[in-house]
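A.B. asks: The sequence and its predicted three-dimensional model are supplied below.
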Amino acid sequence: MGDYDFYSYNSNKGAAVAFVVLFALLSFALIAAVIVYSRRSKAVCDVWDSSSRGNYEQVRKYPIGKLVGAYIPLLVGGLVELAGYIGRAASAWNQDKMGPYIVQTVLLLIAPTLYAATIYMLFGRLAHLLFAEKIMIMPARWNTLIFVLGDVASLLMQAAGGGMMAGEDSRKAGSDIVTVGLFVQIAFFGLFIINEFIFYFKVYKIESDIPRRTNTWRALNLTLLVNSFLILIRSIVRAIEFIEGYSGYIEGHEWFLYVFDALQMFLLLVSFLITMPLNNIFKIQEESVVAQLHLANTRAGVVVKEEDSDDIFDDGNELKPEV
């Protein structure tokens, strides 16, 4: 590579190592949390399946595997982020080596697109469980797919551009491709955030009574909204970085990467982890099923006791008496 410099500063070794540790702890903690709450929810669903009482077979619900699937991009993204900062640390010790530079450039660019996929998928499942697809901006049938495809397009452009940036001759072209990818991500996230706001304020106007009988969805929607803003801000700053180019102010100051990328994505994972016990998609499905059964019993003329009105199931394990 001759005298070509990958960085316009001396990369901070301590900061890179610190985020290796932080993302390692967060990633494995999130994997454990998803396993724990999915297993708990599966146990509840197994009881419901075996009981075969009420209208359980007709209620709207997802297989547990499909709910777990919504979290997979988030978990993979955390591991990608971890690998990216391992590459960043290796690159800090070998700033003239192409390999570590390419690894950290590409992986740190694409990790947030994986987080975005989880946000889109969780929102789609949330709307379905609340019978609220009608207030989606996109057609309900294609809403999640359209956002995920936009996310994949952004990921591919950022990955391709990031790889090209290792070459002195192709750095400008690679930077331009990354910039386009980031703007695709910004556009889709802007539209998605608008969709989330519309959803939050219009959900009580739909015909279904399910949203009024559940509580957890509000907290999850807020978590998704906050994390959408974190990714949006990160993407805007990084887009400005690539527009400015190698000689720009952001490219010349490493702290921008840690404040507007590493820290933002760290907070995103932290928010998912600390809110998991309160607003995971498994709990939302359980609340939706209970609300659907209550409404079905009411329509069928079954008397539901007042004290049982908010929870047809006792501790999530046994069916309460229907009469």
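C.D. replies: Done, it's in.
A.B. asks: and Phe256, how far is that from Val237?
C.D. replies: Between Phe256 and Val237 the distance is 7 Å, computed by CB to CB, to the nearest Å. Using the backbone N, CA and C atoms, a C-beta is placed for each residue, glycine as well.
A.B. asks: same deal with Ala83?
C.D. replies: Going from Ala83 to Val237 by CB to CB gives 22 Å.
A.B. asks: what do you get for Tyr62?
C.D. replies: Taking CB to CB, one finds Tyr62 at 36 Å from Val237.
A.B. asks: same deal with Tyr249?
C.D. replies: 11 Å.
A.B. asks: Give me the more crowded residue out of the two.
C.D. replies: Remark: of Tyr249 and Val237, Val237 carries more neighbours, 17 against 10, as counted by other CB atoms under 10 Å.
A.B. asks: so who does the more buried one touch?
C.D. replies: Ile250, Phe256, Phe260, Asp261 (CB atoms under 8 Å, 6 or more residues apart in numbering).
A.B. asks: which non-adjacent residue is nearest the third one?
C.D. replies: Going back to what we said before, that points to Phe260. Nearest non-adjacent residue to Phe260, counting by CB to CB, 6 or more residues apart in numbering: Val237, 4.1 Å away.
A.B. asks: What strand or helix carries that neighbour?
C.D. replies: Taking DSSP states H and E as the criterion, Val237 maps to helix 216-244.
A.B. asks: Ser252 looks like it's in a helix, true?
C.D. replies: One correction, residue 252 is Gly, not Ser. No. Using DSSP: H, G, I helix; E, B strand; the rest coil, the secondary structure at Gly252 is coil, not a helix.
A.B. asks: ok, how many other residues are close to it?
C.D. replies: 14.
A.B. asks: Identify the residue nearest it in space, chain neighbours excluded?
C.D. replies: Per CB to CB, 6+ apart, closest to Gly252 is Ser8, 4.7 Å.
A.B. asks: could you show me where the strands are in this structure, in order?
C.D. replies: 313-314, 318-319 (DSSP state E).
A.B. asks: which of those has the lowest average pLDDT?
C.D. replies: For the strands of the chain, mean pLDDT drops lowest on strand 318-319, to a mean of 36.
A.B. asks: Output the below-cut-off pLDDT ranges for the protein.
C.D. replies: Counting by pLDDT under 70, the chain contains low-confidence ranges at 1-4, 51-55, 139-140, 300-323.
A.B. asks: need the longest helix for this protein.
C.D. replies: Criterion DSSP state H: the longest helix present in the chain is helix 13-51.
A.B. asks: Could you tell me which other helices and strands that one packs against?
C.D. replies: helix 64-93, helix 263-279, helix 281-299, strand 318-319 (3 or more CB pairs under 8 Å, 6 or more residues apart in numbering; DSSP states H and E).
A.B. asks: Name the residues of that helix that come out as buried.
C.D. replies: Neighbour-count burial for helix 13-51 flags 15-17, 19-20, 22-24, 26-27, 29-31, 33-34, 37-38, 41-42, 44-45, 48 (criterion: 16 or more other CB atoms under 10 Å).
A.B. asks: contacting residues around the nearest residue to Gly77 once chain neighbours are set aside?
C.D. replies: Spatial nearest neighbour of Gly77, excluding adjacent residues (CB to CB, 6+ apart): Leu114 at 3.2 Å. Shown in contact with Leu114 (CB under 8 Å, 6+ apart): Pro73, Leu74, Val76, Gly77, Val80, Leu155.
A.B. asks: And those, which two are furthest apart?
C.D. replies: Maximum pairwise distance among the contacts of Leu114 (CB to CB): 14.1 Å, between Leu74 and Leu155.
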